[in-house]
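Novice: Provided below are the primary sequence and the corresponding predicted coordinates.
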Amino acid sequence: MSYLSLDQLTLNIAALHAERRRLARKAMTSQAAAVFDLVPALLHCQSPALPGGEVSAPHGICGVEDEPLRKRLAKRLGIKAAAPQTRDILAVYSMGSTGTLGQTPNSDLDIWVCHRPSLTLEERQALKAKCQCLSDWGKGQGMDITFFLIDPDEFRQGNKQGMNVESCGSFQHWLLLDEFYRSAICLAGQLPVWILISPDDRRPYLQAKAHLFANGVDPEHWIDLGAPDPIPADEFLGSMLWLLYKGIENPYKALLKLTLMSVYARQYPKVQLLSNETRRALHQGETDVMALDPYLQLERYLAHQGLAPADLDMARCCLYLKCGGDELNQVPSHHAQVLGELAASWGWDNDKRQLLQSHRSWPLAELKQWHERLREQMLAGIHEARELFRRTSSSSRLCPIELTVLSRKLDAAFAEKPHKLQQLCLPPKVEVGQEALIVRATDQHWQLACPDSGRTLYQWTELPGLLAWCLLNGFITSRTELKLESDKLSLDTLDSLCDSLTWLTRKPDPADQILAQPAQLERAQIIVNLEQDATDELKVRRQKGAINPLMFGKERQVLVSELTLVIRNTWGESSVQSFSGERALAELLLVLLPLMPKDAVAANRVHIHCFASQLGKSIADTVLELISTAQQRLTQGPWCLSVGQSKWVFWRHAGTLHWQEMTDPVAFYAQLSAAKLAQQGNDSENRVPAPVYGHALSGLVQFFFVSKDQGYSLYVSNEQNQVSFYHYPAMDKANLVNLISRFYTQKESLCPSTTFNLPQYYELFEGTEGWQMQPLTTTTLAE
């Protein structure tokens, strides 16, 4: 098959980038298009009068003519800037959906600023500060811009950036480069040399590149970001975890990429990268911008990969919506025409297109069903990646600490756990708030129903759980009218309960350092006597002294009939659990107290909402005081709780809260003393430091490192809070952490579940003030 000459190929690539820049401007508002045009000029010139010019930073773009960029600044901003004396920036690119079918009026800009590797640390910091100023300026002009500083030399070795809300850290590099070569638009500067290498060249990348440079290609005129293949197996896992995390906010885009990653993972090790298909088309002389559109190429690629019809249809639905199929009146006319032709080629009728175009106003039941489909597909992709990771034997290059933090984010968003409130994976910008909803009771459940059809939309065993789920997912707002079909409580009580739970509408965004620690209580609400109220028919007489609602009157009556505990932890997870009967308060304490931080003030984190018809304040105060007392007393030893005719003893042992009904006090204290003496008799070298038990959390594996003169000690707390001790005289700590992370990732692949919990790692230090603990970080691992 004949290919173009390098000269003609270069001209075609330049023309393609120019056409994509034109399409990008066409899809933007005039103000956003002006920002798009000015970005390369503002990076090229340096003047205090320019946006971002308040920071004196490296500037000047290689291979561009000064005059057109300076004229652009003078025309648009009325500022005359001098020509740069240096050329510190090799190239400026936009990547992602800009200039493609995926660009919508709400698309932001991802800008790669590729600078000279020779820049000093101070110069890089100054360039980063300048880019931040430009990002702030762009936001003021109505355009969200995120800048990524790229050192080509470092980039070819692997991404060294830490993980944050925008950067994927160690999770993607080659796959990110694959996307870059498919979607990047050169705004100014050098083109990538990789694109010049023939797709049929079977030589290693370095040899193929050297051949080009030896045959007339000037390396000073081309940027070298490396080749996107071969892709390490572990990157598929990291990339898919990252995409699943990004899918929490943008499920359509994430699912498209996850589907592609799943195909790649199944092909491994002979992966047919989509970027190579783009390169092949360019070498064969393809110039039609739509034929080379990354989203259209992706759809054609997936259509020939043997996907199940339902999976391919789901991918096409996501592509249609991601590309603005629900906003056809807001996208350019050629854009809408292409989407229409695509839908026709897929055999979609008008009903299906209308259904997707109206997805922002779907009823709750359809949105919930859509969420389940999205979630199932996303988790299926993760299983593919874990299978690949399991069957390959190469060592992992993923940063274990970043993997732990990301797994926490996913666990909070997707994992199914008892009593947890599931947050739906809803499409972006979907307004799900309902004008009216019916709340009704059955023998077994509380149900949410549609006023028009009476159809049940959701149900929960207790009313607080039903309302909490609706508030968490945005279905109940301040404008929603609730209608009650039940004689168990009044409409005023329903409204009051709903108002008390509105704190759940504030979306949590835990910082990485919080996710690297065990989940603790952020806020708890305790709802008392909502449906069962022992004070309803109570005859309250005047009593001398304080009233004890837990042992009221001569009959020692318990006035706390039922309790519902609504919790949000520091990882952002919310849960609802109910208790009833004489054991209710004891069972609630067993759940609540282990989540309370040791130094937390109960009144600051626990809120009581009592619905008792009588003595409500006294009951609420008693419950709150009891929690505070229990928290304080349990640091000193066993603590006894008396409720009605019963007594329970609580005590902490090996980091776990235990309880036992007090039927034989002598036997109980004998048992407790024997356990204490046995613990004290342990060898002092192997004695477990207090923070190990203090931070143990059921269901999590945690590793605690203690540095020694020779090597280090390691304490491991397993899912049942059982602690093991090891001593490693010389083994490399970073290597050990990698091995541990790999083991637990493979274990999850062999026994797949919907939890993402991976081990947590900590450093322990013993100082003058006792033991200190901090999460193990990338920095401390490298030491």
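Specialist: Great, that's in hand.
Novice: For the host helix or strand of Q660, which helices and strands make contact with it?
Specialist: Q660 belongs to strand 656-661 when assigned by DSSP states H and E. Packing partners of strand 656-661 (3 or more Cβ pairs under 8 Å, 6 or more residues apart in numbering; DSSP states H and E): helix 584-592, strand 646-653. Where you see a C-beta, it was placed from the backbone N, CA and C, and this is true even at glycine.
Novice: cutoff 10 Å now
Specialist: Secondary-structure packing of strand 656-661 (3 or more Cβ pairs under 10 Å, 6 or more residues apart in numbering; DSSP states H and E): helix 584-592, strand 646-653, helix 665-680.
Novice: Can you name the residues in contact with it?
Specialist: Residues outside strand 656-661 that contact it (Cβ atoms under 10 Å, 6 or more residues apart in numbering): 583, 586-587, 589-594, 630, 634, 638-639, 641, 646-652, 668, 671-672, 693, 696-698, 720-722.
Novice: swap the cut-off to 6 Å and go again
Specialist: Residues outside strand 656-661 that contact it (Cβ atoms under 6 Å, 6 or more residues apart in numbering) are 590, 593-594, 648-651, 721.
Novice: residue nearest the centroid of this protein?
Specialist: Nearest to the geometric centre of the chain sits Y245, at 3.6 Å (Cα atoms, centre = their mean).
Novice: Quick check: the nearest residue to that residue once chain neighbours are set aside vs K246, distance?
Specialist: Take Y245 and drop its neighbours on the chain: the residue closest to it by Cβ to Cβ, 6 or more residues apart in numbering is K409, 5.3 Å away. As judged by Cβ to Cβ, to the nearest Å, K409 and K246 stand 10 Å apart.
Novice: higher neighbour count, those two?
Specialist: Higher neighbour count among K409 and K246: K409, with 21 against 17, using other Cβ atoms under 10 Å.
Novice: The more buried one: helix or strand, and which one exactly?
Specialist: helix 400-414.
Novice: Beyond that helix, next helix or strand please.
Specialist: strand 436-441.
Novice: With only the CA atoms kept, save that next one in CSV.
Specialist: C-alpha atoms of strand 436-441 as CSV (Å, rounded to 0.1, in the frame of the first residue of the first chain):
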residue,chain,number,x,y,z
ALA,A,436,-44.4,16.4,44.3
LEU,A,437,-43.9,12.9,45.7
ILE,A,438,-46.1,10.5,47.6
VAL,A,439,-44.7,8.9,50.8
ARG,A,440,-46.7,5.8,51.8
ALA,A,441,-46.4,3.0,54.2
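Novice: quick one: strands adjacent to it?
Specialist: Sheet partners assigned to strand 436-441 using DSSP bridges are listed as strand 446-449 (antiparallel), strand 481-485 (parallel).
Novice: Looking at those strands, which one is packed in the most?
Specialist: Stretch with highest mean neighbour count among those: strand 446-449 (a mean of 20; mean count of other Cβ atoms under 10 Å).
Novice: List the contacts of that strand.
Specialist: Outside of strand 446-449, the residues within contact range by Cβ under 6 Å, 6+ apart are 437-438, 440, 456-460, 463, 466.
Novice: so what's T287 closest to, chain neighbours aside?
Specialist: N12 (5.6 Å).
Novice: hmm, back to that, tell me the buried residues within the contacts of strand 656-661.
Specialist: Among the contacts of strand 656-661, the ones that count as buried by 16 or more other Cβ atoms under 10 Å are 590, 593-594, 648-651, 721.
Novice: okay, the residue nearest to Y245: pLDDT?
Specialist: Note on K409: pLDDT of 76.
Novice: Toward the C-terminus, what is the element adjacent to the helix or strand E625 falls within?
Specialist: Taking DSSP H and E as the criterion, E625 maps to helix 616-633. Where DSSP H and E defines the elements, the next helix or strand beyond helix 616-633 is strand 639-643.
Novice: what helices or strands is that next one leaning on?
Specialist: For strand 639-643, the packing partners by 3 or more Cβ pairs under 6 Å, 6 or more residues apart in numbering; DSSP states H and E come out as strand 646-653.
Novice: Can you report the mean pLDDT over the residues of the helix or strand harbouring the residue nearest to T287?
Specialist: Under the criterion DSSP H and E, the helix or strand holding N12 is helix 6-26. Helix 6-26 shows a mean pLDDT of 94.
Novice: again, but for stretch 423-430
Specialist: Averaged across stretch 423-430, pLDDT comes to 74.
Novice: end-to-end on that stretch?
Specialist: One end of stretch 423-430 sits 14 Å from the other (Cα to Cα, to the nearest Å).
Novice: swap in stretch 195-210?
Specialist: Start-to-end span of stretch 195-210 (Cα to Cα) is 14 Å.
Novice: What residues of it count as buried?
Specialist: 195-198, 205, 208-209.
Novice: Which residues does it contact?
Specialist: Applying Cβ under 6 Å, 6+ apart, the external contacts of stretch 195-210 come out as 212, 227, 276, 279-280, 283.
Novice: Just give me how far the biggest helix by length in the chain sits from the chain centre.
Specialist: The longest helix of the chain (DSSP state H) is helix 364-391. The chain centre lies 15 Å from the centre of helix 364-391; the measure is Cα atoms, centre = their mean, to the nearest Å.
Novice: now the angle from it to strand 436-441?
Specialist: Helix 364-391 runs at 80 degrees relative to strand 436-441, counting by axes from the mean of the first three to the mean of the last three Cα atoms, to 10 degrees.
Novice: now L515, nearest residue through space, not along the chain?
Specialist: Among residues not flanking L515 along the chain, R408 sits closest, at 3.9 Å (Cβ to Cβ, 6+ apart).
Novice: What number of residues are in the vicinity of the one you found?
Specialist: Number of residues near R408 (other Cβ under 10 Å) recorded here: 26.
Novice: Same check on the one 10 residues further on?
Specialist: Other residues within reach of P418, judged by other Cβ under 10 Å, total 6.
Novice: Against R408, how distant is it?
Specialist: Plainly put, P418 is 18 Å away from R408 if you go by Cβ to Cβ.
Novice: again, but for L657
Specialist: Distance, L657 to R408, using Cβ to Cβ: 23 Å.
Novice: Likewise for D452?
Specialist: As for D452, its distance to R408 is 41 Å (criterion: Cβ to Cβ).
Novice: Distance to L497 and mean pLDDT for the strands paired with strand 436-441 - can I get that in JSON lines?
Specialist: Formatted as JSON lines, those follow (distance: least, Cβ to Cβ, whole Å; pLDDT from 0 to 100):
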{"stretch": "strand 446-449", "distance to L497": "11", "mean pLDDT": "92"}
{"stretch": "strand 481-485", "distance to L497": "10", "mean pLDDT": "94"}
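Novice: Rebuild those as a markdown table, extending it with distance to A91.
Specialist: Below are those laid out as a markdown table (distance: least, Cβ to Cβ, whole Å):
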| stretch | distance to A91 |
| --- | --- |
| strand 446-449 | 54 |
| strand 481-485 | 57 |
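Novice: Compare these and give me the one nearest S239.
Specialist: Each of those has some distance to S239 by Cβ to Cβ; the shortest is strand 446-449, at 37.5 Å.
Novice: Walk me through the domains of the chain.
Specialist: Here the domain parsing of the chain from automatic domain parsing is 1-229, 508-537+545-676, 684-782.
Novice: Including distance to K352, could these go into a markdown table?
Specialist: Shown next, in a markdown table, are the domains of the chain (distance: least, Cβ to Cβ, whole Å):
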| stretch | distance to K352 |
| --- | --- |
| domain 1-229 | 19 |
| domain 508-537+545-676 | 35 |
| domain 684-782 | 30 |
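Novice: picking up where we left off before, which two of the buried ones among the contacts of strand 656-661 have the greatest separation?
Specialist: Largest separation among those by Cβ to Cβ: W648 and N721, giving 20.4 Å.
Novice: host element of Y715?
Specialist: Using DSSP H and E, Y715 sits in strand 712-717.
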